[in-house]
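Visitor: pasted the sequence and its predicted model underneath.
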Number of protein chains: 2
Amino acid sequence: MKKILVIGAGRSSSSLIKYLLDNATNEDWLIRVGDMDLSIAEEKVNDHPRGEAFAFNALEPDQRAKEIEACDFVVSMLPARFHIEVVKDCILYKKDVITPSYVSKEMKALHEEAVNAGIIVMNEIGVDPGIDHLSAKKVLDEIADIGGEMTCFESFTGGLIAPESDNNPWNYKFTWNPRNVVLAGQGGAAKFIQEGKYKYIPYNKLFRRTEIINVEGRGNFEGYANRDSLKYRSIYGLEDIPTIYRGTLRKVGFSRAWNVFVQLGATDDSYILEGSKNMTHRDFINSFLAYNPHDSVELKLRYYLKIEQDDIIWDKLVWLGIFEDTPLNLEEDKTPAQILQQILEAKWTLEPHDKDMIVMWHKFGFRVDGIDREIHSSMSYIGADQTYTAMSDTVGLPVGICTKMILNGTIQLKGVQLPIHKEIYEPVLAELETFGIVFNEMEVEPVLY
Amino acid sequence: MKKILVIGAGRSSSSLIKYLLDNATNEDWLIRVGDMDLSIAEEKVNDHPRGEAFAFNALEPDQRAKEIEACDFVVSMLPARFHIEVVKDCILYKKDVITPSYVSKEMKALHEEAVNAGIIVMNEIGVDPGIDHLSAKKVLDEIADIGGEMTCFESFTGGLIAPESDNNPWNYKFTWNPRNVVLAGQGGAAKFIQEGKYKYIPYNKLFRRTEIINVEGRGNFEGYANRDSLKYRSIYGLEDIPTIYRGTLRKVGFSRAWNVFVQLGATDDSYILEGSKNMTHRDFINSFLAYNPHDSVELKLRYYLKIEQDDIIWDKLVWLGIFEDTPLNLEEDKTPAQILQQILEAKWTLEPHDKDMIVMWHKFGFRVDGIDREIHSSMSYIGADQTYTAMSDTVGLPVGICTKMILNGTIQLKGVQLPIHKEIYEPVLAELETFGIVFNEMEVEPVLY
């Protein structure tokens, strides 16, 4: 019997743990689920005969080493910054390990050590990063196989609300970490390349430089650029591609309204808003507007950001209650981003029966035998409920499937790896399809400049 | 004979060193001027019989200690971050010390030690900070003396081009560190309070929230908010003042045009612009605009930032040469801010006979016996040439005068000090007047909401 150690049993681990338990008898696994909070681990294991829940502090070196030494395989679902210590122990005790998170520089540097230890350190195998790699690299390899030369690669992913639960003017609810949504796009200009020209978008323009994207069967979305698209050139072996662009999807109209908060400075997390403890929603918005003893907050905001009287973004703003005299009731002064998050959480939180949706869309432009061609590949997936969400499934299932493929020898790679090899993406995508996570690929008439 | 050690003989030390040498015989001083670059120190001392130039690395602990121990008084004109080590040595060897720079937290923490050593550590006695403190605190104390209660304090300073040298469409040239001009306003929202309401302006709106200020005899200027006006409440003992606002002056129209670069992201210093080594000015601007194979950079920019066909900011942009195919000729890729600085330096650099100008303006709103009153205090000062600039004079003269007042016992304070005491501002302002640095105070009809 193989012992699998799962570190971290939070929301994002639900589908992963279910997958591992569902496969445990067939594969002869024991699933040990450790979390700082024992009750969360117990809830996820749910008395399954092949599962064990235990209290586990992965930051405590002795306990971590002991548990890793005693198992056969490690799945780290910790916040990204904590993986590195886990992986160092996995190298020491020669245990294969998997994480859904982005590979850090520190992690990459462990490649030789991992190879020497004879283990795989599998990373970026959640949804984004993860399923994006699998589904993109599959098409990229197919294009390379027919001698195609890539001219353009675009890739967009969104964590959204399912159509059946989409009942507010923003067409958006928090289906994942609200703080990340409020801070999205901060911390540096978005970088990409288009037709061989480097392009840079500062944060203050990010939500005004959107592209409209039609996803087969799901209608129109808008995409705004992710931080650094340029690094994907080396990851995908597309060093000379003239156009590469990665972004985030929202329903059409979201970004233009969100931009109001960006322009006001209400998403800033870098300073404490003095006096905010005693502010109302209205005071909070007013703190970003010029003083005037007579004019209303509404008119000052319209004038400042040039919002026309009949602009539909106004309904979105009003609906959020930002002009209301509702006290913030803070225990202490907070940052603008923290306060905005609190205001949004009162409106964008999922109702009990709400479902979430993951949408992914890739565009591949390429040339074969002097002829320009274009392929679109898209996937949308709706969660079952608020435990087995689309987000939890699309993060956890690839991790779980890949765990199985490593343990049963389908994947033989060693060292620090990304899921960009056929050996990985082919079997994982195939099994994801059995869960309804299916990419719809189609060739379209290329649109050229 | 008292030995005065001047550390740093750069541009900002010219007027200071001249002042000290001019007073050296009368006051029986020897002026030792040390700089990493001996030739700069020699040039400033200019064989004056009371002066000595020497090569000095103030970052080298042994040499620093030896020089400080051997002198009677230290003037540190180093970049602000280097003062702290100088001051620690001054405490050790019990030498009075003066710097024109902002007091850091670290510096403030040395107050008790300085008092115990029986020395003064005088800071913020240049122009801004410096002359602003002197001139503002004088009026604030006068208002307090007649029982006035402060209702509003505003203060603006600008380092500008003198009217006789003002011959470009921006009404601006680099009269001081160009890098600071390009980065001005970055690193956090501007914070102030108006009529008891906290107000915050993010960087992306900073140059659109200007105020028009008329300076007696100099016409209209515009002011944009400085980073943190709130901290001046405690410095000036105005904890409960409902309105406090500090800002930077430019000629009218500058900020709205400068905002173009802010909106584009061209002032960003946080990342390297990939490919910039081989760009032209036009490519640089184009890297912030959407790709289009047909449209011109000009039209894309106008459309993106909604610049009307007849808007006067357009002439300013064209005049800078930003649309020209001039190669940047960089040795390596640089940040947007570095590149913008290079483009601006080709246009905004002083011509040999150009003169600079410092303008300062304060507004004091107060109430006495139930009656609202308002005083304006303003100063403008034009430099003599490009050695004895207005900037060099207004930084160096207060430092020099204050040095004299400490050495001759007029100023007896000990510890880490700012020039906000009558004992300091009264004699320093009086002597500054003999150099033509004169504040024009006048009571005006108060403008109330």
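Guide: Done, it's in.
Visitor: ok, now which ones touch the residue of the stretch 1-150 of chain A found nearest chain B?
Guide: Residue of the stretch 1-150 of chain A nearest chain B, by CB to the nearest CB: A:Lys105 (16.5 Å). In this view, the C-beta of every residue, glycine as well, is placed from N, C-alpha and C. Contact partners of A:Lys105, counting by CB atoms under 8 Å, 6 or more residues apart in numbering or on different chains, are absent.
Visitor: which pLDDT value belongs to it?
Guide: pLDDT recorded at A:Lys105 is 95.
Visitor: now do the phi/psi pair for it.
Guide: A:Lys105 adopts backbone torsions of phi -60, psi -40, taken as degrees, to the nearest 10.
Visitor: who's in contact with the helix or strand harbouring A:Ile213?
Guide: Element membership for A:Ile213, per DSSP states H and E: strand A:211-215. Strand A:211-215 has contacts (CB under 8 Å, 6+ apart) with A:156, A:220-223, A:247, A:249, A:252, A:359, A:361, A:378, A:380.
Visitor: near chain B, which residues of chain A? Just list them.
Guide: Contacts of chain A with chain B, taken as CB under 8 Å from any CB of the partner chain, map to A:188-189, A:191, A:194-195, A:197-205, A:209, A:230, A:262-265, A:268, A:270-271, A:273-276, A:283, A:286-293, A:304, A:336, A:449.
Visitor: picking up where we left off before, got TSV for the contacts of strand A:211-215, with secondary structure, neighbour count and pLDDT too?
Guide: Listed next are these as TSV, based on DSSP: H, G, I helix; E, B strand; the rest coil; neighbours: other CB atoms under 10 Å in any protein chain shown; pLDDT from 0 to 100:
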residue	secondary structure	neighbour count	pLDDT
A:Phe156	strand	27	98
A:Asn220	strand	11	96
A:Phe221	strand	25	97
A:Glu222	strand	21	97
A:Gly223	strand	23	97
A:Gly247	strand	25	97
A:Leu249	strand	24	97
A:Val252	coil	14	96
A:Val359	strand	22	98
A:Trp361	strand	27	98
A:Ser378	strand	22	97
A:Ser380	strand	23	97
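Visitor: for those residues, which one is nearest B:Ser14?
Guide: If you rank those by distance to B:Ser14 using CB to CB, A:Gly247 comes first, at 52.8 Å.
Visitor: isn't A:Val260 right up against A:Ile313?
Guide: Yes - taking contacts as CB atoms under 8 Å, A:Val260 lies within contact range of A:Ile313: 6.6 Å.
Visitor: for the residue nearest to A:Lys137 when sequence neighbours are not counted, grab the count of nearby residues.
Guide: Distances taken as CB to CB, 6 or more residues apart in numbering or on different chains place A:Ile420 nearest to A:Lys137, at 4.5 Å, with adjacent residues excluded. Neighbours of A:Ile420 under the rule other CB atoms under 10 Å in any protein chain shown: 18.
Visitor: who's in contact with A:Ile420?
Guide: So A:Ile420 contacts A:133, A:137, A:235-236 (CB under 8 Å, 6+ apart).
Visitor: return the entry from those with the maximum number of neighbours.
Guide: Greatest neighbour count in these, by other CB under 10 Å, goes to A:His133: 26 neighbours.
Visitor: isn't that residue up against A:Glu124?
Guide: Yes - A:His133 is within contact range of A:Glu124, at 6.1 Å (criterion: CB under 8 Å).
Visitor: which neighbours do the two share?
Guide: Counting by CB under 8 Å, 6+ apart, the residues touching both A:His133 and A:Glu124 are A:418-419.
Visitor: quick check: A:Ala266 is in a strand.
Guide: No - applying DSSP: H, G, I helix; E, B strand; the rest coil, one finds A:Ala266 to be coil, outside a strand.
Visitor: wait, doesn't it sit right on A:Leu289?
Guide: No - the pair A:Ala266 and A:Leu289 does not pass the contact test of CB under 8 Å, sitting 10.9 Å apart.
Visitor: next, count neighbours for the residue of the stretch 251-400 of chain A at minimum distance from chain B.
Guide: Closest contact between the stretch 251-400 of chain A and chain B, by CB to the nearest CB, is at A:Gly265 (3.1 Å). A total of 24 residues lie near A:Gly265 under the criterion other CB under 10 Å.
Visitor: how about the helices in the stretch 151-300 of chain A?
Guide: For the stretch 151-300 of chain A, the helices defined by DSSP state H, counting those that start in this stretch occupy A:178-183, A:203-206, A:232-235, A:254-264, A:281-286, A:297-304.
Visitor: what are the phi and psi values for the residue positioned nearest the centre of chain A?
Guide: With distances taken as CA atoms, centre = their mean, A:Asp128 lies nearest the centre of chain A, 4.7 Å away. Main-chain torsions, A:Asp128, degrees, to the nearest 10: phi -150, psi 90.
Visitor: grab the nearest non-local neighbour of it.
Guide: A:Thr157 (4.2 Å).
Visitor: ok, A:Leu160 touching A:Phe254?
Guide: No - contact between A:Leu160 and A:Phe254 fails when scored by CB under 8 Å: they sit 9.4 Å apart.
Visitor: now do the shared contacts for the two.
Guide: Listed as contacting both A:Leu160 and A:Phe254 by CB under 8 Å, 6+ apart are A:171-172.
Visitor: can I get the contacts of strand A:211-215 in CSV including distance to B:Leu344?
Guide: Formatted as CSV, the contacts of strand A:211-215 follow (distance: CB to CB, whole Å):
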residue, distance to B:Leu344
A:Phe156, 37
A:Asn220, 42
A:Phe221, 40
A:Glu222, 35
A:Gly223, 34
A:Gly247, 32
A:Leu249, 39
A:Val252, 39
A:Val359, 44
A:Trp361, 41
A:Ser378, 46
A:Ser380, 48
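Visitor: ok, these vs B:Tyr388, which is closest?
Guide: Closest to B:Tyr388 out of the contacts of strand A:211-215 is A:Gly247 (54.9 Å), distances taken as CB to CB.
Visitor: is the closest one in a bridge, and if so with what?
Guide: Under DSSP bridges, the beta-bridge partners of A:Gly247 are A:Phe156, A:Ala225.
Visitor: for the one 4 residues further on, same thing?
Guide: Under the criterion DSSP bridges, A:Lys251 forms beta bridges with A:Phe221.
Visitor: chain center to the helix or strand containing A:Leu5: distance?
Guide: Taking DSSP H and E as the criterion, A:Leu5 maps to strand A:2-7. Centroid displacement of strand A:2-7 relative to its chain, using CA atoms, centre = their mean, to the nearest Å, is 24 Å.
Visitor: paired strands for that strand, with orientation please.
Guide: strand A:29-35 (parallel), strand A:73-76 (parallel).
Visitor: okay, these in TSV with mean pLDDT and mean neighbour count next?
Guide: Below are the strands paired with strand A:2-7 laid out as TSV (pLDDT from 0 to 100; neighbours: other CB atoms under 10 Å in any protein chain shown):
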stretch	mean pLDDT	mean neighbour count
strand A:29-35	98	23
strand A:73-76	98	26
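Visitor: need those in CSV (columns: distance to B:Asp28).
Guide: As requested, the strands paired with strand A:2-7 are exported to CSV (distance: least, CB to CB, whole Å):
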stretch, distance to B:Asp28
strand A:29-35, 77
strand A:73-76, 73
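Visitor: so which of those is nearest B:Val368?
Guide: strand A:29-35 (66.3 Å).
Visitor: quick one: average pLDDT of the following helix or strand past the closest one?
Guide: Next in sequence after strand A:29-35, counting helices and strands by DSSP H and E, comes helix A:38-45. Averaging pLDDT along helix A:38-45 gives 97.
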